[in-house]
Each structure stands twice: as C-alpha cells, then as structure tokens.
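Chemist: Pasting a predicted model and its sequence here:
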Amino acid sequence: MTHVVSFINLKGGVAKTTTLVQLAETLAFIKGKRVLVLDLDPQTNATIALMGETRWEAADEAHQTVAQLFLDQIHDTHLFDVNRAIVRGVSNLNRITIPPDMELGPEVTYPRIDLLPSSIRLIEAQDRMADISTRSHYTVSPMEVIRRALEQRFSQYDYVLIDCPPNLGYITQNGLEVSDFYLVPTIPDKLSTYGIPQIVKTISRLRRARSLKIACMGVLVTKYQVGSNIHTRGLDALPELLRRSFDEAGEVPARLFGVRMPQAGATAEAMDYDRSPTNFRKKYGTGTTSGHYQYEFPVMLAGEFIARLDESDPDTVEGPAS
C-alpha cells in the first residue's frame with residue numbers, strides 16, 4: 001500500500017526539507033522501501049540535496065521539473081513528460097554498496113529514491129494558478145494538477161513524500177489534495193509554532209470542502225537543543241497548542257512524535273550532495289546527543305513514522321472528529 005505524506009510548516013528554517021530528506025534516505029537505504037520525493041518548494045533544497053546542482057540544472061533547462069507541469073496547464077503547452085521528469089535512483093548514498101544481508105520489502109530489488117524535481121519557476125506558476133481554470137474553461141481545477149498527472153504513478157512506491165512550500169497557496173493545496181497525511185516539523189519556539197493553528201484550520205476546511213482523505217499524522221520537534229530554556233518552555237506548551245488548534249478546527253488533536261530531532265552540524269552537512277559519505281552512519285554523524293548517536297535519530301524517526309502509518313488506515317489515524 002502506498003502512503004502519501006505532505007511536509008508543511010508556514011515558517012522557514014524549521015528543518016522541514018532536511019527532515020524529509022533524512023526520512024527518505026532512511027526509508028530507502030535502511031528500511032529497503034521504494035520512495036518518491038515530490039518537491040513542490042521553489043527553493044529546490046530537497047532537489048539539490050538528492051540530485052545535485054548539475055543534474056538539476058539540466059532537468060530545469062529541459063523543462064522537466066514539476067514547475068513545467070503547472071506552467072503547461074497555465075500556458076497550454078506540452079513540454080512536461082512525466083517519464084523524463086522523474087529522476088530515478090537519486091541520493092549520494094547510491095554510491096555505497098548495499099550490504100548483502102539487508103532485508104528489502106516485497107518486490108523490491110534494490111533500495112530506491114526517485115525524485116520529481118522542483119524549480120524556482122514554481123514562483124511564476126504560483127502567481128498564475130488561477131489562470132488554469134479559465135484557460136481550461138473550468139474543466140481543470142488549479143488544485144488538481146498533481147492528481148491528474150501523477151497520482152497513478154504513486155502506486156509504484158511504498159512512500160511518497162511531498163515537500164510543500166511555506167504557504168497554503170495552490171501549489172501546496174495540490175500536494176494536500178493527493179496526500180493521506182500531513183506532518184508538521186517544527187522547532188519548539190513561538191515563531192516556528194505560530195502558524196500551526198492556521199495550517200490545521202485551513203487543511204480542515206479543505207478536507208471538508210473537497211472531501212479529502214487527508215489527516216494529520218503528527219507534529220515533529222526539530223532542531224531540538226537540550227538544555228535550552230526556550231525549547232523546554234516551547235515543548236511544554238506544544239500539547240496545549242495542538243489541543244486548542246485541533247479542537248477549534250473540529251479535528252481530533254494530533255500527537256507529538258516521540259523522537260525529537262536534535263540540532264546538529266552533521267545534519268546540515270548531510271544535505272550537501274557533493275560530499276562522498278562512506279556509509280549511512282558517517283553521513284548523518286557519529287557524535288552523540290541525548291545518549292544516542294546522531295545517525296540513530298533518522299532511524300528512530302523512520303521507525304515511528306512507519307509504525308504510525310501501520311497502526312491504522314488513512315481514514316482513522318488522527319482523522320476528523322465525528
């Protein structure tokens with residue numbers, strides 16, 4: 001079964017993209033899963049981290065990024081080709097020999113991350129999304145471009161991870177439209193959590209208006225600093241913020257993830273595609289934080305992520321209140 005999860009926060013700099021890339025690589029190279037990353041953020045950070053600038057520039061020049069999918073709808077062109085646009089076997093961890101005793105999932109012959117890359121031209125598309133309805137004589141909704149073009153491809157993967165831009169515009173709504181769940185990574189401080197009520201309210205409204213299946217699978221604390229008074233106070237305040245936000249939206253409150261992703265220099269360095277890691281542990285750091293090696297945190301996150309998806313189906317996990 002394919003699980004589609006959007007990563008969203010209205011605040012930049014909360015390690016949203018970094019967490020998604022960590023999780024994608026762990027699911028593929030540690031858990032042996034088939035993963036598709038759909039990069040909807042015009043900053044293209046997930047794209048560059050997974051395929052490097054050289055390959056990305058070639059894809060962008062060839063009009064084979066997700067931006068072109070939207071621009072084709074806006075300008076009535078036909079440059080985007082999904083078979084060319086999906087980049088197969090990304091991540092610099094592909095340079096590493098996979099251990100022969102690694103357990104792969106059913107019908108998986110090798111761990112794999114595929115990528116539909118982003119482009120800064122998504123900014124242009126975002127500003128023109130309303131034109132899709134008028135140009136198509138209202139036969140195509142600006143919220144359904146991804147669904148119409150890509151959803152059938154999702155069944156080839158165990159997990160589809162969508163990196164949403166830090167807003168709730170049409171591009172983000174395209175990701176939410178096809179998602180089973182959304183996940184909110186956040187630093188435990190006021191600025192980073194400020195937008196959570198708006199996220200919950202807007203997605204709840206979209207879910208009802210468009211009969212979507214999406215639900216919140218949880219809130220993940222990122223860049224956590226042990227001993228920080230600000231983070232301690234923020235972490236203490238989060239459960240009440242979530243309870244109030246989901247109650248006001250008429251939704252069942254989402255749970256905090258048990259794992260807290262620490263602030264670590266190795267995590268930022270791991271986003272550099274041009275580095276040549278010798279193994280997963282070296283890529284994500286062998287230093288210790290809170291009694292764990294740094295490379296253990298993405299593994300713990302992947303375990304909790306899988307468990308939450310396995311424990312219930314998309315219609316019941318943290319879903320709408322009756």
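Modeler: Noted; the coordinates are in hand.

Chemist: what ranges of the protein fall below the confidence cut-off?
Modeler: 95-111, 312-322 (pLDDT under 70).

Chemist: Distance of the residue with the largest distance to the centre of it relative to Leu23?
Modeler: What lies farthest from the middle of the chain is His137; by Cα atoms, centre = their mean that is 32.1 Å. Per Cβ to Cβ, to the nearest Å, His137 is found 40 Å from Leu23. No exception for glycine: its C-beta is placed from N, CA and C like everyone else's.

Chemist: Would you list the phi and psi of Ser228?
Modeler: Dihedral pair for Ser228: phi -80, psi 120, per degrees, to the nearest 10.

Chemist: buried residues in stretch 172-191?
Modeler: 172-189 (16 or more other Cβ atoms under 10 Å).

Chemist: so of those, which ones are in strands?
Modeler: When the buried residues of stretch 172-191 are checked against strands (DSSP state E), the matches are 181-186.

Chemist: and the longest helix belonging to the chain, how far from the chain's centre?
Modeler: Looking across the chain with DSSP state H, the single longest helix is helix 229-248. For helix 229-248, the distance from its own C-alpha centre to the chain's C-alpha centre is 22 Å (Cα atoms, centre = their mean, to the nearest Å).

Chemist: same check, this time on stretch 276-296
Modeler: The answer for stretch 276-296 is 22 Å, by Cα atoms, centre = their mean.

Chemist: cool, stretch 182-202 as well?
Modeler: 15 Å.

Chemist: Can you get me the start-to-end distance on it?
Modeler: 12 Å (Cα to Cα, to the nearest Å).

Chemist: returning to what we had before: from the ones in strands among the buried residues of stretch 172-191, pick the one nearest Asp310.
Modeler: Ranked by distance to Asp310 (Cβ to Cβ), those are led by Phe181 at 12.5 Å.

Chemist: rewinding a little: the longest helix of the chain versus strand 181-186: what angle between them?
Modeler: With axes from the mean of the first three to the mean of the last three Cα atoms, to 10 degrees defining the directions, helix 229-248 sits at 150 degrees from strand 181-186.

Chemist: got the contact list for the residue nearest to Asn167 when sequence neighbours are not counted?
Modeler: Once flanking residues are discounted, Asn167 sits nearest to Leu10: 6.6 Å by Cβ to Cβ, 6 or more residues apart in numbering. Going by Cβ atoms under 8 Å, 6 or more residues apart in numbering, Leu10 touches 166-168, 194-195, 198-199.
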